[in-house]
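J.: Provide a 3D model corresponding to the input given below.
(chains A and B)
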2 protein chains.
Amino acid sequence: MNKIQTLNEKTVEEKLKEHEVQNLDLISIRELVHIVNELEEECGIKFIRMEMGVPGLSPHPIGIEAEIRAIKEGFTSKYPMIDGIKDLKLESSRFLKLFLNTEIEPEYCIPTVGSMQGSFAAFLTVCRKNPEQNKVLFIAPGFPVQRAQLNVLGIESKWFDIFQYRGDKLEDKLEELLSPGDIAAIVYSTPNNPTWICLSDHELKIIAKVTKKYNVTVIEDLAYFGMDFRKDYSKPGQAPYPPSITSYSDDYILLLSSSKIFSYAGQRIAFMAVSPKLFKQRFPNLRKYFTSDIFGKALVYSALYTLSAGTSHSAQYAFTALLKAVNDGEFNFLKPLKEYAQRAATAKKIFTDNGFYILYDKDEDCEVGHGFYFTISYPSLNSAELMEALLAVGISAVSLTIAGSDLYKGLRACVSQIHKDDMPELEARLKKFKEKH
Amino acid sequence: MNKIQTLNEKTVEEKLKEHEVQNLDLISIRELVHIVNELEEECGIKFIRMEMGVPGLSPHPIGIEAEIRAIKEGFTSKYPMIDGIKDLKLESSRFLKLFLNTEIEPEYCIPTVGSMQGSFAAFLTVCRKNPEQNKVLFIAPGFPVQRAQLNVLGIESKWFDIFQYRGDKLEDKLEELLSPGDIAAIVYSTPNNPTWICLSDHELKIIAKVTKKYNVTVIEDLAYFGMDFRKDYSKPGQAPYPPSITSYSDDYILLLSSSKIFSYAGQRIAFMAVSPKLFKQRFPNLRKYFTSDIFGKALVYSALYTLSAGTSHSAQYAFTALLKAVNDGEFNFLKPLKEYAQRAATAKKIFTDNGFYILYDKDEDCEVGHGFYFTISYPSLNSAELMEALLAVGISAVSLTIAGSDLYKGLRACVSQIHKDDMPELEARLKKFKEKH
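T.: Model (predicted):
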């Protein structure tokens, strides 16, 4: 039974009407997933799904074995310590030393229920440092759920699309945005979700300089740590190291998720690392909300404690074992992840051969790397039109507008769920698309 | 090496000074744990530890086996759906039907990262229903961390000690507190942490009546579900059922943790159940913070999503298997938990034989049951003095003051960590205590 003919512009339009979607540009990723699931079922067609950033690889057995061992040893009945098991703190600290060339002692490394909880707790704490610093600035495009977190908390956020402000131009833009003094923290991911751009050392130096001037904390989301395959960041304790704020600032929070680097998204495990200076710093205003005025104590023993009373005990053991194997040089975590780069190279070529272009295509003067995500645009369509037109040929991707892109003409495509074998079908569908547009 | 002689009033006093504890009445449970750990190490004495409510039993193998199976089947790499796996929703709903005689369909049952996350998400949502209803009322004594959650969120809380307001007297007190119209939700646990009192059907009817009058949501924390052993609540689908707000109200959120009933505290897994009426209700004010004005959608797809992007995949499978075994009548979950009641009966007798009395001793006109916690008081000492004096003989318990007790003379004692074999030592230490006071 091949019902592929029933999927067309009209089916998509009706489905969107059924879900009361007024503007595809603003639809959440999870909502799009839901709609595509329904279209797949009703039209009997398997979509080429590029909308959700889920790991598409199997996790290494080291994590699985360690997790099973911890469960058998009885840790399921024991409350985890709020600040994390000793070995996870140690291996997190070692990882930062070996792969980022940064000294952050174990006490400043704390497990979280995914980096989602890490950023939630970070926002909750950082926006209470000083009463007048009550907003967060996003370097956009960014992960839309982080902005949703601030919304949920009733914290105001600002953002700017970095597209026009790469390199030296970043300094004036940051100066303009931070000088009013109302920004508590600046957030970005690098490699970036959704565009896969990476901030350069030069840009990070600028960020460090301007944030220092205005006492702004830098929140660096390293969800895709080391996955910029233009360089080989896989050797423990050996240069090159990925550019990071840690080289230039002493006022930062790093978020390091296991979901993508270890394909461990199901267990919700990550760690956050707080710069020692920030961790130990006292802010009298914190006392209004937390049991301590010391930043790190407020973050761990009030924010993280009240969010979930710690992180799954067995998942901490899994994460520990994975980090240890990587730190000991026994497991090159970046090697299997190169698969994403290969998929991206192929998929990007298919898109560009069919009239598309890569929207966020450069890091200053370098070509952007191949990785988990890339951005696409099509000359005659804006982002909402492009999304709808792609859905009509069985391809799903999300608008960059929800990620804070000012360009209103791009989509984020994720390669994690397309396999090599799907590429001919991607090509066939894009040919069909091109004929129509 | 027996250093027991080095533990005395002076050692304790010095240790408290070292930790800058100005008022023992206000010390957090986790901080006390930390101090007692140090005293144990430095004085070479094993304390009788009654300060922290940790499970003291082993979990049933059904949960462990299911969790290991899920890990082996590859769920560690897959993001959990935000609203939970289908079978957990189903078994949660069945559990409420079979053990609470309440119909709450699976879609209204949602896993959370412990009930800690459940209450956090509930507060976050419920206090935004209506702008004028911006406070939460606690029936105290209660779980201090829930009040800390509101503090962290910047939400005001009120509380009253129920000691003087049992039975009919509750109505006027609630009327007084809810009539100003600024309360969004009322929170209590039953059996109660820290006093082990249970609300009666009569009292729950009063709560339902007054909350309905003022559109106040009831948050019922069932962390110790069915553990009032004065009645046998262990038979699925058979009366008696524990008294619950679900019999009298249609505006509530239940929190049901696996930590105590299944001794599964390490994996941070619980479920929350929202009354269907509340789940579907629209509140225009929610739109300011969440992606929907429908209460349940805001709670699940905004609050819970942004808190941790779902709950550990494997832990959901463990919880599902445990609930299913209980629902199918294959595992009487309350039977092993009776151990706590036996320990409490023995320990309470030892305390009362040595001049102590049970502070919160009655449910209306019944004796309070034996269970996980009980409350102690000593005629000549207030709560801070009592705590310090007990520490000096190697017994740790927390003040009821942090739990909102107005009486300033009681402590909470938890039996989970004292075994039968420890009872003679408890008796010896309390005799020593009695000689001094």
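J.: and the lowest-mean-pLDDT helix or strand in chain A, which residues are buried?
T.: Every helix and strand in chain A was compared by mean pLDDT, DSSP states H and E; the lowest is helix A:29-43, with a mean of 91. Burial within helix A:29-43, assessed by neighbour count using 16 or more other CB atoms under 10 Å in any protein chain shown, is assigned to A:29-30, A:32-33, A:35-36, A:39-40, A:43. Backbone N, C-alpha and C define where each C-beta goes, glycine included.
J.: try stretch A:106-118
T.: A:106, A:108-118.
J.: Dump these into CSV; add pLDDT and distance to chain B as well.
T.: CSV is the format used below for the buried residues of stretch A:106-118 (pLDDT from 0 to 100; distance: CB to the nearest CB, whole Å):
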residue, pLDDT, distance to chain B
A:106, 98, 17
A:108, 98, 18
A:109, 98, 19
A:110, 98, 14
A:111, 98, 11
A:112, 98, 8
A:113, 98, 4
A:114, 98, 5
A:115, 98, 9
A:116, 98, 4
A:117, 98, 5
A:118, 98, 10
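J.: would you list these in TSV and tack on secondary structure?
T.: Output for these, formatted as TSV (DSSP: H, G, I helix; E, B strand; the rest coil):
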residue	secondary structure
A:106	helix
A:108	helix
A:109	strand
A:110	strand
A:111	strand
A:112	strand
A:113	coil
A:114	helix
A:115	helix
A:116	helix
A:117	helix
A:118	helix
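J.: from these, which two are the most distant?
T.: Across the buried residues of stretch A:106-118, the longest distance by CB to CB is 22.8 Å; it joins A:106 and A:116.
J.: Output the below-cut-off pLDDT ranges for chain A.
T.: In the predicted model, chain A carries pLDDT under 70 at residues A:1-5.
J.: Apart from its chain neighbours, what residue comes closest to residue A:149?
T.: With sequence-adjacent residues excluded and distances taken as CB to CB, 6 or more residues apart in numbering or on different chains, residue A:149 is closest to residue B:306, at 4.4 Å.
J.: Surely the one you found and residue A:145 touch.
T.: Yes. Using CB atoms under 8 Å, residue B:306 makes contact with residue A:145 at a distance of 6.1 Å.
J.: Does chain B have contacts with the longest helix seen in chain A?
T.: Identified as the longest helix of chain A according to DSSP state H is helix A:334-353. No. Using CB under 8 Å from any CB of the partner chain, helix A:334-353 never reaches chain B; the gap is at least 11.8 Å.
J.: And residue A:174, its phi and psi?
T.: Residue A:174 adopts backbone torsions of phi -60, psi -40, taken as degrees, to the nearest 10.
J.: For chain B, see how far away residue A:102 is.
T.: To chain B, residue A:102 is 26 Å away according to CB to the nearest CB, to the nearest Å.
J.: which SS state does that residue fall under?
T.: Using three-state DSSP, the structure places residue A:102 in coil.
J.: thinking again about what came up before, same list, the buried residues of helix A:29-43, but as TSV with distance to chain B please.
T.: Formatted as TSV, the buried residues of helix A:29-43 follow (distance: CB to the nearest CB, whole Å):
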residue	distance to chain B
A:29	10
A:30	7
A:32	13
A:33	9
A:35	14
A:36	14
A:39	18
A:40	16
A:43	22
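J.: Now the residues you listed in CSV, please, with extra columns for distance to residue A:196.
T.: Formatted as CSV, the buried residues of helix A:29-43 follow (distance: CB to CB, whole Å):
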residue, distance to residue A:196
A:29, 16
A:30, 21
A:32, 20
A:33, 21
A:35, 25
A:36, 22
A:39, 27
A:40, 27
A:43, 31
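J.: Enumerate the residues of the stretch 251-400 of chain A near chain B.
T.: So far as CB under 8 Å from any CB goes, the stretch 251-400 of chain A lies against chain B at A:259, A:263-268, A:288-291, A:301-303, A:305-315, A:318.
J.: Give me the buried entries from these.
T.: For those, buried by 16+ other CB under 10 Å: A:259, A:263-268, A:289-291, A:301-303, A:305-315, A:318.
J.: what's next to stretch A:355-368, contact-wise?
T.: Stretch A:355-368 is contacted by residues A:141, A:163, A:166-167, A:195-200, A:202-203, A:230, A:348, A:351-352, A:369, A:374-379, A:400, A:405, A:407, A:409-410, A:430, A:434, A:437 when judged by CB atoms under 8 Å, 6 or more residues apart in numbering or on different chains.
J.: Quick check: buried residues in that stretch?
T.: Within stretch A:355-368, the residues scored as buried using 16+ other CB under 10 Å are A:356, A:358-361, A:363, A:368.
J.: Now do the least confident helix or strand of chain A: distance to the chain's middle.
T.: 23 Å (CA atoms, centre = their mean, to the nearest Å).
J.: One more: stretch A:359-371?
T.: Per CA atoms, centre = their mean, the centroid offset for stretch A:359-371 relative to its chain is 17 Å.
J.: how long is that stretch end to end?
T.: With CA to CA, to the nearest Å applied, stretch A:359-371 spans 15 Å between its terminal residues.
J.: now stretch A:77-91
T.: Taking CA to CA as the criterion, the two ends of stretch A:77-91 lie 24 Å apart.
J.: Repeat that for stretch A:414-423.
T.: 13 Å.
J.: And that stretch, what's buried?
T.: For stretch A:414-423, the neighbour count (16+ other CB under 10 Å) marks A:414-418, A:422-423 as buried.
J.: Show me which pair in the buried residues of stretch A:355-368 is furthest apart.
T.: Pairwise distances across the buried residues of stretch A:355-368 (CB to CB) peak at 19.9 Å, for the pair A:356 and A:363.
J.: Which ones among the buried residues of stretch A:414-423 lie within helices?
T.: Among the buried residues of stretch A:414-423, the ones falling in helices (DSSP H) are residue A:423.
J.: Between the buried residues of stretch A:414-423, which sits nearest chain B?
T.: Closest approach to chain B among those (CB to the nearest CB): residue A:416, at 10.6 Å.
J.: what's the closest non-adjacent residue to the closest one?
T.: Of all residues not flanking residue A:416 in the chain, residue A:56 sits nearest, at 3.5 Å (CB to CB, 6+ apart).
J.: residues touching that neighbour, list them.
T.: A:263, A:339-340, A:415-417, A:419.
J.: Tell me the secondary structure at it.
T.: coil.
J.: State the distance from it to residue A:415.
T.: As judged by CB to CB, to the nearest Å, residue A:56 and residue A:415 stand 8 Å apart.
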